[in-house]
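J.: Dropping the sequence and predicted coords here.
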Amino acid sequence: MRSHRSVIQWALIFILTASGTSALLHSEESKETLQWNSQTPLPSGELGKVVALGREIVGNTNEHPLSKRFVNNALTCSSCHLDAGTDPKAATFLDIASAYPAWSPRENRAITLEDRVLNCFMRSMNGVRPPNGSKVSVAVTAYITWLSSGSRIRMNPEKPLGPHHVPAIKLDPQLSNSNRGKTLYLEKCADCHGMQGQGTDEGPPTWGQNSYNDGAGLSRNDKLAAWLMVAMPLGDPDLTEQEALDIAAFVNSHHRPKFILIEHLPKPERLGEYNAEIKSPEK
């Protein structure tokens with residue numbers, strides 16, 4: 001009896017180990033072949049309507065009737081998360097819900113996916129943080145979670161990044177040259193984003209009052225450079241690290257709104273469960 005039980009135990013261990021190895025291999029492979037099937041059906045019933053609403057808000061954040069009052073610039077979620085977050089490299093939403101709750105060094109606490117979404121309204125949108133549980137909050141979070149359907153949970157204990165986050169650049173940000181960046185910007189970026197960074201019908205503003213504030217991650221040259229390398233020029237990213245860093249330095253050398261956290265929070269009675277320490281400015 002004891003021998004028979006041992007055989008079963010070892011068999012189970014083998015199966016579990018093999019399954020775990022297979023999952024890891026699949027995970028590594030998915031990083032190379034990551035692609036969203038645009039024909040994937042929405043959840044059925046009312047939940048599907050909420051997910052569809054979230055997708056609408058992500059693509060039209062600054063003009064959608066539910067979200068525009070929380071936005072104070074000309075950006076949408078899709079301005080950074082290309083193709084409504086389905087681009088596999090440019091700050092993708094694919095699988096990202098699997099990383100939450102995650103530890104946030106910036107806020108010195110564990111945050112949920114909802115927290116992460118709402119904080120973007122304060123920083124990247126230079127707006128007011130929608131209340132927890134609001135239609136905007138639930139819809140956008142539901143949409144992002146739907147894009148993570150089937151993903152293995154792998155909560156991030158270090159920082160709020162998903163498994164396919166934009167890789168950091170290797171160059172020292174101090175090596176940036178904004179003068180070279182200006183030349184590159186005029187050559188590669190101005191047609192879509194405007195000579196004065198004001199934005200056009202083809203691309204959002206890159207500085208000024210209608211762009212992200214100085215509390216957004218992209219206001220750091222290394223963060224913006226990393227994103228530029230996987231996202232720009234649109235549809236055919238081809239910048240070297242040095243070029244991306246130089247353009248980032250030029251873009252971020254211009255005026256943009258200051259981030260003062262208290263000015264981006266909803267009224268106290270609508271604050272919800274937001275409990276981070278109020279420090280500003282902070283990136």
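T.: Perfect, I can see it now. Residues are numbered from 1 along each chain as shown.
J.: For residue 104, grab phi and psi.
T.: Note on residue 104: its backbone torsions stand at phi -120, psi 110 [degrees, to the nearest 10].
J.: ok, and the closest non-adjacent residue to it?
T.: Among residues not flanking residue 104 along the chain, residue 111 sits closest, at 4.6 Å (Cβ to Cβ, 6 or more residues apart in numbering). (Glycine included, C-beta is placed from N, CA and C.)
J.: dump the residue contacts of that neighbour.
T.: Residues near residue 111 by Cβ atoms under 8 Å, 6 or more residues apart in numbering: 100, 101, 102, 103, 104, 119, 160.
J.: I'd like to know which of these is nearest to residue 209.
T.: The closest of those to residue 209 turns out to be residue 119 (Cβ to Cβ; 20.2 Å).
J.: what sits against the closest one?
T.: Per Cβ under 8 Å, 6+ apart, neighbours of residue 119: 111, 129.
J.: so it is in which element?
T.: Taking DSSP states H and E as the criterion, residue 119 maps to helix 113-122.
J.: and residue 172, how many residues sit next to it?
T.: The number of residues packed near residue 172 is 9, by other Cβ atoms under 10 Å.
J.: how close does it sit to residue 229?
T.: Using Cβ to Cβ, to the nearest Å, residue 172 is found at 16 Å from residue 229.
J.: try residue 135
T.: The gap separating residue 135 from residue 229 is 35 Å, by Cβ to Cβ.
J.: cool, residue 203 as well?
T.: From residue 203 over to residue 229 (counting by Cβ to Cβ), the distance is 17 Å.
J.: of those two, who's got more company?
T.: More neighbours surround residue 229 than the other of residue 203 and residue 229, with 22 against 17 (other Cβ under 10 Å).
J.: Could you report the pLDDT at residue 273?
T.: As predicted, residue 273 sits at a pLDDT of 48.
J.: what does residue 31 give?
T.: Looking at residue 31, its pLDDT is 44.
J.: State the three-state secondary structure for the residue positioned nearest the centre of the chain.
T.: Central residue of the chain (Cα atoms, centre = their mean): residue 91, 4.9 Å from the mean position. Recorded secondary structure, residue 91: coil (DSSP: H, G, I helix; E, B strand; the rest coil).
J.: distance of residue 247 from residue 185?
T.: For residue 247 relative to residue 185 (Cβ to Cβ), the value is 5 Å.
J.: Those two: which is more packed in?
T.: With neighbours defined as other Cβ under 10 Å, residue 247 and residue 185 compare such that residue 247 has more, 28 against 20.
J.: Please verify my assumption that that one contacts residue 181.
T.: Yes. If you go by Cβ atoms under 8 Å, residue 247 and residue 181 touch, sitting 4.6 Å apart.
J.: got a list of what the residue nearest to the centre of the chain touches?
T.: Residues near residue 91 by Cβ under 8 Å, 6+ apart: 80, 81, 82, 85, 165, 166, 227, 231.
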